[in-house]
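> Predicted coordinates and the sequence they were generated for:
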Amino acid sequence: MCYKGARAVRGALVVKPRCQAVRGTRDVLPDEAARWQYVEGAARSVFERYGFREIRTPLIEPTELFTRSVGEATDIVRKEMYSFSAGSESVTLRPEATASVARAFVEHSLHRTIAAGFPERVYYIGPMFRYERPQKGRQRQFHQIGAEILGAKEPLADAETIEMLWSFLDAIGIEDRELVVNSVGDARCRPGFREALVRWLEPRLDRLCEDCRRRARENPLRVFDCKVEADRELLLGAPTILDLLCGGCREHFEEVCRTLDAYGIPYRADSRIVRGLDYYERTVFEVLSRDLGAQSAILGGGRYDGLVEDLGGPAVPGFGFAIGLERLVSLMPGDRGLPAGTDVFVVSLGEPAWRASIALARRLRAAGVRVAMPMSSRPMGAQLKRADRVRARFALFVGESEIASGRYGLKDLATGEQSSVQEKDLVARLGGRHGE
Ligand code: HAM
């Protein structure tokens, strides 16, 4: 949004529009970005231990991809997509990435890379877009870290992926969390459940909200997505899918639960978890945190054995999850992922020394040291203040005599300890070679 603000320029009043971020989007400023990098780094490191490799797909996709996969009757497709025409095509800013991964899998025939028992594992990190009502924990542009396994129908794929998530949440210090799991059945048992649910809903329709009445007609399972408290209470008495699973789905679910037990991962089976996307079959799950308030899901996921085939590919089963990055970062303990400070602040004493320190800074940076120094010769007090502000570990004092002798005064800013160091020993003392 842009609005007019008045500003005096050389005595005259000039009106210039001032812009703000679009509602439901936000800036991640450098201090906070360090915490994001920390989470992303931990995710990459943990996921790669389990054989996941990164995939990057476009932010825009054909609109039809989401209507076919996420489903016409879902809230996402009905009212939350940023869709627009580009030329003759209708495109959409991706509201999620599972459909994109499945599309890429089909488009590049990645089924050729899998064999029975040896699936393809991919992960992604990036922005998603949903036109939702912004509130705490809910934005219109948000970010997900997600992972998908394609080509594994075995219950171990579900349980091992959840175990990986558990290790990841441990690694970044998220303590308040609850795993809830359910099965939404498959093409064999869901029609029976749907029928039972419709029979139960019919005499109660007038007590449900308008959205639920529509859901009951179009896609009855979606009534469980309802956010209206009175409806949610009434729905507590509805038939539950767990009682109506077919043999195959029941066995799969029980095996997932047994494996989670064997891993020692605590969970609660909750038949109300149906997830807001239509592609799920069998296992669905969420991890909730009371610390998040109303938007309590840190992450959600499940199995989607029909999706790749629905998008024109071969019959390849899938399982995955996506974590809300903003929600995750907000839950992380404050001491995690603090912004990295500078290794050394070059404090120059006078103009000639400042000029000489430009070349010194260049040599140190080339050796991998994080160096800060002023853009022009500044008083020593101002430089030391700045060194504190950028949390430099050391101050390196450069005066004309230091340049002549090749020995510099080095002060550890945490301990106050001072020493005299030759340039050839500086890199080792300053801990160079970052990022290599
Ligand atoms: P989802 O439950 O729609 O699932 O989103 C996953 C997570 O993204 C949520 O648990 C939440 O943390 C975060 N999230 C969703 N919407 C918003 C929002 N408006 N603002 C902030 N955070 C949000 C999916 O997207 C599926 N693709 C997950 C999946 C992957 N299933 C299988 N594979």
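Yes, it's here.
> Are we agreed that Y408 is in a strand?
Yes - using DSSP: H, G, I helix; E, B strand; the rest coil, the assignment for Y408 is a strand.
> Let me see the contact set for it.
396-398, 402, 420-423, 426 (C-beta atoms under 8 Å, 6 or more residues apart in numbering). Just so you know, the C-beta spots here come from the backbone N, C-alpha and C atoms, and that holds for glycine as well.
> ok, now how distant is it from T25?
46 Å (C-beta to C-beta, to the nearest Å).
> now swap in A102 and tell me
The gap separating A102 from T25 is 27 Å, by C-beta to C-beta.
> Could you do E163 as well?
34 Å.
> So between those two, which is more surrounded?
Taking other C-beta atoms under 10 Å, E163 and T25 do not tie; E163 has more neighbours (18 against 14).
> tell me the pLDDT at A8?
With respect to pLDDT, A8 scores 59.
> got it, and P17?
Among the per-residue scores, P17 holds a pLDDT of 82.
> Are we agreed that it is in a helix?
No - P17 is assigned strand when assessed by three-state DSSP, not a helix.
> hang on, the earlier thing: among the contacts of Y408, which one has the most neighbours?
Counting neighbours by other C-beta under 10 Å, L396 comes out on top of the contacts of Y408 with 29 neighbours.
> contact partners of stretch 184-195?
Contacts for stretch 184-195 (C-beta under 8 Å, 6+ apart): 220-221, 239, 241, 244-246, 248-249, 274-275, 280-282, 284, 302, 305-306.
> what do you get for stretch 102-122?
The contact list for stretch 102-122, computed with C-beta under 8 Å, 6+ apart, reads 50-55, 57, 61, 65, 69, 101, 147-152, 154, 157, 304, 307-308, 311-314, 316, 318.
> could you flag which of these are buried?
The neighbour-count test (16 or more other C-beta atoms under 10 Å) applied to these identifies 50, 52, 55, 57, 61, 65, 69, 101, 147-152, 154, 157, 304, 307-308, 311, 313, 316, 318 as buried.
> Contacts (any at all) between the ligand and the longest helix along the chain?
The single longest helix within the chain, with elements called by DSSP state H, is helix 30-49. No - judged by C-beta under 6 Å from any ligand atom, helix 30-49 and the ligand are separated, with a smallest distance of 12.9 Å.
> In the stretch 301-436 of the chain, mark out all the helices, start to finish.
Along the stretch 301-436 of the chain, the segments classed as helices by DSSP state H, counting those that start in this stretch run 307-310, 325-331, 351-366, 380-389, 400-405, 423-430.
> do you know which of the ones you listed lies nearest F168?
helix 325-331 (9.5 Å; C-beta to C-beta).
> what about that closest one, near the ligand?
Yes - using C-beta under 6 Å from any ligand atom, helix 325-331 comes into contact with the ligand via 326-327.
> Buried residues in that helix, which are they?
Those would be 325-331, for helix 325-331 by 16+ other C-beta under 10 Å.
> Run through who's touching it.
Helix 325-331 has contacts (C-beta under 8 Å, 6+ apart) with 32, 35-36, 39-40, 125, 137, 139, 142-145, 172, 174, 176, 289, 291-292, 295, 297-299.
> Quick check: the gap between R370 and the ligand.
Counting by C-beta to the nearest ligand atom, to the nearest Å, the gap between R370 and the ligand amounts to 33 Å.
> Show me what the residue of the chain found nearest the ligand bridges to in the sheet.
Taking C-beta to the nearest ligand atom, the ligand has its nearest neighbour within the chain at G324, 2.2 Å off. Per DSSP bridges, the residues bridged to G324 are Q144.
> just checking, it touches G146?
No - shown here, G324 and G146 do not form a contact pair, counting by C-beta atoms under 8 Å, at 10.1 Å.
> more crowded one of these two?
Each of G324 and G146 has its neighbours counted (other C-beta under 10 Å); G146 has more, 25 against 22.
> what helix or strand is the more buried one on?
G146 belongs to strand 141-150 when assigned by DSSP states H and E.
> same for that strand, what does it pack against?
helix 30-49, helix 98-107, strand 120-129, helix 155-171, strand 318-324, helix 325-331 (3 or more C-beta pairs under 8 Å, 6 or more residues apart in numbering; DSSP states H and E).
> With mean pLDDT and distance to S377 added, can I get the ones you listed in CSV?
Listed next are those as CSV, based on pLDDT from 0 to 100; distance: least, C-beta to C-beta, whole Å:
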stretch, mean pLDDT, distance to S377
helix 30-49, 96, 26
helix 98-107, 98, 53
strand 120-129, 98, 43
helix 155-171, 98, 45
strand 318-324, 98, 48
helix 325-331, 96, 40
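> Quick one: closest of those to A361.
A361 sits nearest to helix 30-49 of all the helices and strands packed on strand 141-150, at 20.6 Å, using C-beta to C-beta.
> per-residue confidence averaged over the helix or strand that the closest one is followed by?
Later in the chain than helix 30-49, the nearest helix or strand by DSSP H and E is strand 53-54. Across strand 53-54, pLDDT averages out at 98.
> hmm, back to that, just the buried ones from the contacts of stretch 184-195?
220-221, 239, 241, 244-246, 249, 274-275, 280-282, 284, 302, 305-306.
> which of those residues are close to the ligand?
Restricting the buried ones among the contacts of stretch 184-195 to those within reach of the ligand (C-beta under 6 Å from any ligand atom) leaves G302.
> and the residue nearest to S83 when sequence neighbours are not counted, which of the three is it?
Counting by C-beta to C-beta, 6 or more residues apart in numbering, the nearest residue to S83 once its immediate chain neighbours are dropped is T92, at 4.4 Å. At T92 the chain is in strand, as set by three-state DSSP.
> T92: what's it in contact with?
Counting by C-beta under 8 Å, 6+ apart, T92 has contacts 60-63, 65-66, 81-84.
> which bits of this structure sit near the ligand?
So the chain meets the ligand at 96, 98, 130, 132, 138-139, 142, 144, 146, 148, 276-277, 297-302, 320-322, 324, 326-327 (C-beta under 6 Å from any ligand atom).
> how about low-confidence regions in this structure?
1-11, 432-436 (pLDDT under 70).
> domain ranges for it?
Following automatic domain parsing, one finds the domains of the chain at 30-185+245-331, 190-241, 344-430.
> closest to K16 out of these?
K16 sits nearest to domain 30-185+245-331 of all these, at 25.7 Å, using C-beta to C-beta.
> quick one on the thing from earlier: okay if I get the domains of the chain as TSV plus distance to V14?
Shown next, in TSV, are the domains of the chain (distance: least, C-beta to C-beta, whole Å):
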stretch	distance to V14
domain 30-185+245-331	30
domain 190-241	47
domain 344-430	28
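> tell me the most buried of these?
Mean neighbour counts were compared across the domains of the chain using mean count of other C-beta atoms under 10 Å; the top stretch is domain 30-185+245-331, at a mean of 18.
> Ends of it, what's the gap?
18 Å (C-alpha to C-alpha, to the nearest Å).
> Right, I'll call it a day here.
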